[in-house]
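A.B. asks: Sequence first, then the predicted structure, then my questions.
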Amino acid sequence: MKPDAIETFYSRFQQRDRVPKGELVYVDPYTLLVAVVLSAQATDTSVNKATAELFKVATTPQAMIALGEEKLRGYIKTIGLFNTKAKNVIALSQLLLSEHGGQVPTNREALERLPGVGRKTANVVMNIAFGAPTIAVDTHVFRVSNRTGLAPGKTVLDVEEKLERVTPAAYKTHAHHWLILHGRYVCTARGPKCPTCLVRDLCAWPEKTSAEGGGVSPKSSASPSRPGSANNRRRQPGRRSGPASRRG
Ligand code: SF4
């Protein structure tokens, strides 16, 4: 997509929703971090349902450690991979206390050293909690970036790096939310709502639907390389993180 089209693309999202908000419920950087870790391969709705009760009893690393892994599992057992996530939340809480005075660090390196936190989770936390101009790429952002031609790439990291390069500075802070919400509700994997899409005229996807709810072959839906693929192992060493198809 050419620079003037990219400017128009983002300006339309901005005009419609100046300050977009994510859908995970949190009260501070720590609870945001916990919610994002829990949201890997789960929906924001399922995470919010669990944290509505969990955050009544634990909103600090100290309280989470006092709650303990077993009780934590009870609060999050409706979320996929809850055993691993419970371990990670307790371990990251311990590390926050031992190395960061109980505070969530603001830089990527420190965030990515926390158990259960990979590049995407770090990007989400830096962006939402600290206003950094990072653009976390989940499956929705990946799909929208590829279909539209905004930032095509074969891997999540390719797309993230391209988005970093082509997104004008004025739009970087909110780009993640605009793209993720667009992918979640309009440019869906199947049956994208092309006829009513805000950026239809700018979008390069040759398979735009002509009627709302029109079908799309699963094969034609851009999807990031699967975790564990050679590309992902090479480009995203360490832990996997962040919301999958649901959120990000
Ligand atoms: S026109 Fe269709 S494919 Fe293109 S961004 Fe809009 S919803 Fe997605």
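C.D. replies: Done, it's in. The model shown is predicted, which means the values in this text are computed figures rather than measured ones.

A.B. asks: Ramachandran angles for residue 40?
C.D. replies: phi -60, psi 120 (degrees, to the nearest 10).

A.B. asks: from memory it sits against residue 81, does it?
C.D. replies: Yes: between residue 40 and residue 81 there is a contact under CB atoms under 8 Å: 6.8 Å. For the C-beta atoms, the positions are set from N, CA and C on the backbone; glycine is no exception.

A.B. asks: So between these two, which is more surrounded?
C.D. replies: residue 40 (29 against 14; other CB atoms under 10 Å).

A.B. asks: Quick check: that one vs residue 145, distance?
C.D. replies: Noted for residue 40: a distance of 20 Å to residue 145, by CB to CB, to the nearest Å.

A.B. asks: Over to residue 74?
C.D. replies: Taken as CB to CB, the span from residue 74 to residue 145 is 38 Å.

A.B. asks: can you check residue 153 too?
C.D. replies: From residue 153 to residue 145 the distance is 7 Å (CB to CB).

A.B. asks: any common contacting residues for those two?
C.D. replies: 159, 162 (CB atoms under 8 Å, 6 or more residues apart in numbering).

A.B. asks: I'd like the distance from the longest helix along the chain to the chain centre, please.
C.D. replies: The longest helix of the chain (DSSP state H) is helix 82-100. Chain-centre distance of helix 82-100: 20 Å, with CA atoms, centre = their mean, to the nearest Å.

A.B. asks: how about the CA coordinates for the helix or strand just after it, as PDB?
C.D. replies: Counting by DSSP states H and E, the next helix or strand C-terminal to helix 82-100 is helix 108-112. Provided in PDB are the C-alpha atoms of helix 108-112 (Å, rounded to 0.1, in the frame of the first residue of the first chain):
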ATOM      1  CA  ARG A 108      10.900  -5.100  26.300                       C
ATOM      2  CA  GLU A 109      14.000  -7.000  27.500                       C
ATOM      3  CA  ALA A 110      12.800  -7.100  31.200                       C
ATOM      4  CA  LEU A 111       9.200  -8.000  30.100                       C
ATOM      5  CA  GLU A 112      10.300 -10.800  27.900                       C
END
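
A.B. asks: Summarise which helices and strands the helix or strand that helix 108-112 is followed by is packed against.
C.D. replies: Remark: after helix 108-112, the chain's next helix or strand is helix 119-130, criterion DSSP H and E. Helices and strands touching helix 119-130, by 3 or more CB pairs under 8 Å, 6 or more residues apart in numbering; DSSP states H and E, are helix 29-38, helix 108-112, helix 156-166, helix 169-185.

A.B. asks: of the ones you listed, which approaches residue 202 most closely?
C.D. replies: helix 169-185 (12.1 Å; CB to CB).

A.B. asks: counting contacts, what elements does that closest one pack onto?
C.D. replies: Helix 169-185 is packed against helix 3-16, helix 119-130, helix 139-148, helix 156-166, with contacts defined by 3+ CB pairs under 8 Å, 6+ apart.

A.B. asks: Quick one: distance of the shortest one to the chain centre.
C.D. replies: Helix 139-148 has its average C-alpha position 12 Å from the chain's average C-alpha position, going by CA atoms, centre = their mean.

A.B. asks: Next one: it, is it in contact with the ligand?
C.D. replies: Yes: interface with the ligand: helix 139-148 contributes 147, 148 (CB under 6 Å from any ligand atom).

A.B. asks: now that helix and helix 3-16, what's the angle there?
C.D. replies: 140 degrees (axes from the mean of the first three to the mean of the last three CA atoms, to 10 degrees).

A.B. asks: And for the last one?
C.D. replies: Here helix 156-166 runs at an angle of 90 degrees relative to helix 3-16 (the same axes, to 10 degrees).

A.B. asks: buried stuff in helix 156-166?
C.D. replies: Going by neighbour count (16 or more other CB atoms under 10 Å), the buried part of helix 156-166 is 156, 157, 158, 159, 160, 161, 162, 163, 166.

A.B. asks: Thanks a lot, see you next time.
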